[in-house]
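In: any chance you can model this:
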Amino acid sequence: MVLASVTCTAPVNIAVIKYWGKRDEKIILPLNSSLSGTLHQDDLKTTTTIVASEDYAEDELYLNGKKEDINAVRYQNVLKMIRSRATKLMDKKHSVHIASINNFPTAAGLASSASGYCCLVFTLAQMYGVEGDISAIARLGSGSACRSMYGGFVKWEMGTKDDGSDSIAIQVQPESHWPDMNIIVLVVNDKKKETSSTDGMQKSAATSVMMKERCAVTVPNRMKEIEEAINKKDFQTFGDITMKDSDDFHEVCATTTPPIYYLNDTSRYIMNLIHRYNKLSGSIKCAYTFDAGPNACIYLPAENTTEVLSLFMKHFPGDDIQTYYRGPKENIPSIENFKPSEKLASLYTPDTTFVNSLKYILHTKVGPGPQILSDSESLIDNTTGLPKQLN
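Out: Next up, the predicted model:
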């Protein structure tokens with residue numbers, strides 16, 4: 001007998017102050033605080049359904065239709081913590097079946113573990129009636145998952161306690177505060193990264209000469225400054241700090257032994273192009289940030305999106321803009337017909353173009369946190385206990 005069924009969605013987040021390095025590997029406590037923007041779920045999200053039933057023999061987990069090992073340590077840590085705080089269901093013998101899908105390719109290099117673990121924890125919390133902060137539980141699955149618990153702009157406080165009870169996510173401002181903050185993601189064609197984020201963090205923490213100052217001085221100062229910039233909607237300061245922190249993070253990786261290089265030639269070209277564009281414009285009109293991979297995430301005010309998208313299309317042309325540009329289709333005519341000002345004209349006639357360097361260009365905006373869906377959106381067939389996509 002089915003006891004409960006819950007379906008929820010959760011967003012991806014893109015950090016502007018990077019999390020890199022842990023002081024506790026087991027319960028995922030970071031060496032520094034971090035801050036991110038939450039991306040809109042119209043474009044990027046994880047959807048998770050959890051069904052609790054007395055008839056299931058054991059807990060089961062399906063990701064994008066494929067059965068996964070639910071006994072993996074991080075899944076078990078999350079399940080145990082949720083069940084220890086449950087106010088519902090624990091008086092009945094039951095197991096859960098979990099089905100989760102992403103509406104974006106996991107291989108795209110976008111943070112699927114953040115939205116995935118956030119969605120798992122949020123959905124479990126609804127089912128088991130868990131009250132109070134649950135971002136610290138999401139953190140047990142994937143550190144950055146705690147920041148996907150809220151919309152808008154979110155900080156992950158590193159905390160000081162050994163048990164991690166103060167290492168939680170806090171919303172700095174909701175998505176309604178700065179509604180015209182847009183994000184463009186340039187998804188770069190690249191092979192699988194050679195050094196995983198987990199391995200890279202451990203190596204950097206142990207060997208990079210920059211880590212000590214970054215954690216003790218640089219990040220705490222930047223956290224204060226960027227929070228103030230968000231509160232004031234000051235894009236000049238926000239953009240400047242965002243790019244500097246991205247550059248510092250990759251410098252930390254480069255000063256690790258052996259060095260770690262997540263950026264490729266396309267990434268570096270994009271950085272240079274944005275600096276040239278901002279310099280000719282006379283102000284910071286867009287700002288890049290790169291995680292542990294080659295994809296460029298660009299924050300910018302809505303008023304600059306046509307100009308910036310047109311610039312990227314000139315340097316990185318695609319075969320068919322209808323599929324290459326993944327954003328509001330009504331923007332396409334203005335992007336294609338954009339005429340730059342005289343001072344920017346030289347940037348829009350590049351000597352060399354890079355066809356096929358990007359898989360696609362995603363255009364989204366800052367959006368809300370996790371959402372609860374109706375039962376009609378369930379991913380699981382209650383009669384079989386299996387994902388509907390497997391039936």
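In: contacts for the strand or helix carrying Ala15?
Out: Element membership for Ala15 (DSSP states H and E) is strand 13-17. Residues outside strand 13-17 that contact it (Cβ atoms under 8 Å, 6 or more residues apart in numbering): 33-39, 111, 114-115, 144, 147-148, 154-155, 183, 185, 219, 222-223, 226, 238, 241-242, 245-246, 289, 291, 297, 299. The C-beta positions use only the backbone N, C-alpha and C, and glycine is treated the same way.
In: that one: how far from the chain's middle?
Out: Strand 13-17 has its C-alpha centroid displaced from the chain centroid by 7 Å (Cα atoms, centre = their mean, to the nearest Å).
In: and if you look at stretch 164-180?
Out: 14 Å.
In: convert that stretch to PDB, retaining C-alpha atoms only.
Out: Listed next in PDB are the C-alpha coordinates belonging to stretch 164-180 (Å, rounded to 0.1, in the frame of the first residue of the first chain):
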ATOM      1  CA  GLY A 164      28.500  21.300  11.000                       C
ATOM      2  CA  SER A 165      25.300  22.600  12.500                       C
ATOM      3  CA  ASP A 166      26.200  26.200  11.600                       C
ATOM      4  CA  SER A 167      27.400  25.400   8.100                       C
ATOM      5  CA  ILE A 168      24.200  26.300   6.400                       C
ATOM      6  CA  ALA A 169      22.700  28.200   3.400                       C
ATOM      7  CA  ILE A 170      21.100  31.600   4.000                       C
ATOM      8  CA  GLN A 171      19.200  33.600   1.400                       C
ATOM      9  CA  VAL A 172      20.900  37.000   0.800                       C
ATOM     10  CA  GLN A 173      18.100  38.300  -1.400                       C
ATOM     11  CA  PRO A 174      15.100  36.600  -3.100                       C
ATOM     12  CA  GLU A 175      14.800  36.500  -6.900                       C
ATOM     13  CA  SER A 176      12.300  39.400  -6.800                       C
ATOM     14  CA  HIS A 177      15.000  41.700  -5.500                       C
ATOM     15  CA  TRP A 178      17.100  42.000  -8.700                       C
ATOM     16  CA  PRO A 179      14.700  40.600 -11.400                       C
ATOM     17  CA  ASP A 180      16.600  41.900 -14.400                       C
END
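In: before we move on, back to that, I'd like the average pLDDT over the strand holding Ala15.
Out: For strand 13-17, the mean per-residue pLDDT is 97.
In: walk me through which strands it pairs with, and which way each runs.
Out: strand 34-38 (antiparallel) (DSSP bridges).
In: just the C-alpha atoms of the partner strand, please, in PDB.
Out: Only the C-alpha atoms of strand 34-38 are listed here, as PDB (Å, rounded to 0.1, in the frame of the first residue of the first chain):
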ATOM      1  CA  SER A  34      30.600  31.000  -0.800                       C
ATOM      2  CA  LEU A  35      27.800  32.800  -2.600                       C
ATOM      3  CA  SER A  36      25.800  32.000  -5.700                       C
ATOM      4  CA  GLY A  37      22.900  33.000  -7.900                       C
ATOM      5  CA  THR A  38      20.000  30.500  -8.400                       C
END
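In: next SSE downstream of that strand?
Out: Downstream of strand 34-38 (by DSSP H and E), the next one is strand 45-53.
In: now do the buried residues in that next one.
Out: 45-53 (16 or more other Cβ atoms under 10 Å).
In: can I get those residues in JSON lines with distance to Leu29 and pLDDT?
Out: Shown next, in JSON lines, are the buried residues of strand 45-53 (distance: Cβ to Cβ, whole Å; pLDDT from 0 to 100):
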{"residue": "Lys45", "distance to Leu29": "27", "pLDDT": "96"}
{"residue": "Thr46", "distance to Leu29": "24", "pLDDT": "96"}
{"residue": "Thr47", "distance to Leu29": "29", "pLDDT": "98"}
{"residue": "Thr48", "distance to Leu29": "25", "pLDDT": "98"}
{"residue": "Thr49", "distance to Leu29": "31", "pLDDT": "98"}
{"residue": "Ile50", "distance to Leu29": "27", "pLDDT": "98"}
{"residue": "Val51", "distance to Leu29": "33", "pLDDT": "98"}
{"residue": "Ala52", "distance to Leu29": "31", "pLDDT": "98"}
{"residue": "Ser53", "distance to Leu29": "35", "pLDDT": "97"}
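In: which one of those is nearest to Tyr262?
Out: Minimum distance to Tyr262 across those is 23.1 Å, recorded for Thr46 (Cβ to Cβ).
In: now do the closest one against Thr364, distance only.
Out: Per Cβ to Cβ, to the nearest Å, Thr46 is found 15 Å from Thr364.
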